[in-house]
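Engineer: structure for the following, please:
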Amino acid sequence: MNTGENGQGRGLSYMRGWLTFCLMVCLFVVPACSRNDTASSPPASSEAATSEDEATEWLTKAKTAAAQKMNKYGFELRMSQKIGEGNAGEPAQVEIDMQGRAERNPLKLDQTIKSNIDGEASTLRSIVVPEAYYMYIPEYEEWSKLSKDVAAENIATLSDYQVNPDRAIESIRKLGSSLQAARKGNVVTVRYEGTGPEASVFMAGLLESTLGITGEQKDIVNSLEVQKLKVILTLDADRHWPLTYRIESDFNIELEPGQKTTVNQTLAGTYSEHNVSAAITVPKEAQEALDPDELGKELGLE
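Structural biologist: Residues are numbered from 1 along each chain as shown. Alright, predicted model coming up:
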């Protein structure tokens, strides 16, 4: 049996399984093919980079601002992945484009996910409100509603970059001593580049959304070998909240014991309309979708 092909097949299986899950429950899924405003790295500042302590201070302020002052916002999140092994044929190519709006306390989310896996394109819209989780697939022109149990499970899987930017910032802050920050005008750019233990910890957390790998899968997590990690986060220098992020990574991981899969991944995104984004509402058609919990009661399944 060709172990190279098996390794790649396992990688593709994980990726396809994760994407199907994403499209069905509207994860973050948790972005290199991006528009110029998100895909290109911010230009290097003409000012000297600050020390780690100052970078950490900026990130601490950003975390506080995101937690306390970002009540609602628009966002764009894009992911690009190449998954496969060097001599095992063409790698799988995955592109995800998410655009939406989020509100916090209570959580509300309205997002559209466009995906392309090896040329197979699909689109899905999801709306999350405190009392319900709705999905709309344009191909079928029909809204559906998730059961309360499934909705709760799926909400728990939403990415921090979607709904908890303060937690996302905290994960970057933990990258520690290699962090650098520079201010140019009203924008602060925080940068990290390295492959140390902190990079592995950071990537293990990120892979929960981008590859569907959880901390419980210790053998897989422990096999992670980070070859490259570059993180760029821009902040509003006055209000301190996040503006853009870009995370470039190359790594090997054993999705099947003893068989390494190579992954090249870029995640990039923007936050916009801080506190002025349009209110999230549920269309009448979605409100009229069949409630699986009520159906279960009628059929005597509960």
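Engineer: isn't Thr189 up against Leu233?
Structural biologist: Yes. Contact status for Thr189 versus Leu233: in contact at 7.5 Å, counting by CB atoms under 8 Å. Where C-beta positions appear, they are placed from N, C-alpha and C, glycine not excepted.
Engineer: can you show me the helices along the protein?
Structural biologist: Under the criterion DSSP state H, the chain contains helices at 3-25, 36-39, 52-68, 148-156, 160-163, 165-173, 197-210, 218-222, 284-287, 292-298.
Engineer: close enough to count as contact, Ala62 and His240?
Structural biologist: Yes. Assessed by CB under 8 Å, Ala62 is found in contact with His240 at 5.1 Å.
Engineer: identify the contacts common to those two.
Structural biologist: Here Ala62 and His240 share no contacting residue, scored by CB atoms under 8 Å, 6 or more residues apart in numbering.
Engineer: neighbour count: those two, which is higher?
Structural biologist: Ala62 (29 against 20; other CB atoms under 10 Å).
Engineer: dump the residue contacts of that one.
Structural biologist: The contact partners of Ala62, taken as CB under 8 Å, 6+ apart, are 169, 233, 235, 240-242.
Engineer: try it again with 10 Å
Structural biologist: Contacts of Ala62 were listed using CB atoms under 10 Å, 6 or more residues apart in numbering, and they are 70, 165-166, 168-170, 172-173, 188, 190, 233-236, 239-243.
Engineer: hey, least reliable of the helices of the chain by pLDDT?
Structural biologist: With a mean of 38, helix 36-39 has the lowest mean pLDDT of those.
Engineer: for Val226, name its beta-bridge partners.
Structural biologist: Following DSSP bridges, Val226 is listed with bridge partners Phe251.
Engineer: number of nearby residues for it?
Structural biologist: Val226: 21 neighbours (other CB under 10 Å).
Engineer: so who does it touch?
Structural biologist: 194-204, 249-253.
Engineer: tally of neighbours for Glu216?
Structural biologist: 7.
Engineer: do you know the pLDDT at it?
Structural biologist: 71.
Engineer: residue ranges with poor pLDDT in the stretch 101-250 of the chain?
Structural biologist: Scanning the stretch 101-250 of the chain for pLDDT under 70 picks out 214-215.
Engineer: run through the strands of it in chain order.
Structural biologist: 108-117, 120-129, 132-137, 142-145, 180-184, 187-193, 225-236, 242-256 (DSSP state E, counting those that start in this stretch).
Engineer: TSV for those, including distance to Ala278?
Structural biologist: Shown next, in TSV, are the strands of the stretch 101-250 of the chain (distance: least, CB to CB, whole Å):
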stretch	distance to Ala278
strand 108-117	9
strand 120-129	13
strand 132-137	17
strand 142-145	20
strand 180-184	31
strand 187-193	25
strand 225-236	21
strand 242-256	19
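Engineer: need the contact list for Glu273.
Structural biologist: So Glu273 contacts 72-75, 101 (CB under 10 Å, 6+ apart).
Engineer: show me which of those residues are buried.
Structural biologist: Among these, those buried by neighbour count (16 or more other CB atoms under 10 Å) are 72-75, 101.
Engineer: from those residues, pick the one nearest Pro91.
Structural biologist: The nearest member of the buried ones among the contacts of Glu273 to Pro91, counting by CB to CB, is Phe75 at 28.0 Å.
Engineer: in contact with the closest one, which residues?
Structural biologist: Phe75 makes contact with 28, 98-102, 109, 111, 161-163, 165, 242, 269-273, 277, according to CB under 10 Å, 6+ apart.
Engineer: now do the shared contacts for Thr189 and Leu233.
Structural biologist: Contacts common to Thr189 and Leu233, judged by CB under 10 Å, 6+ apart, are 42, 55, 58, 181, 243-244.
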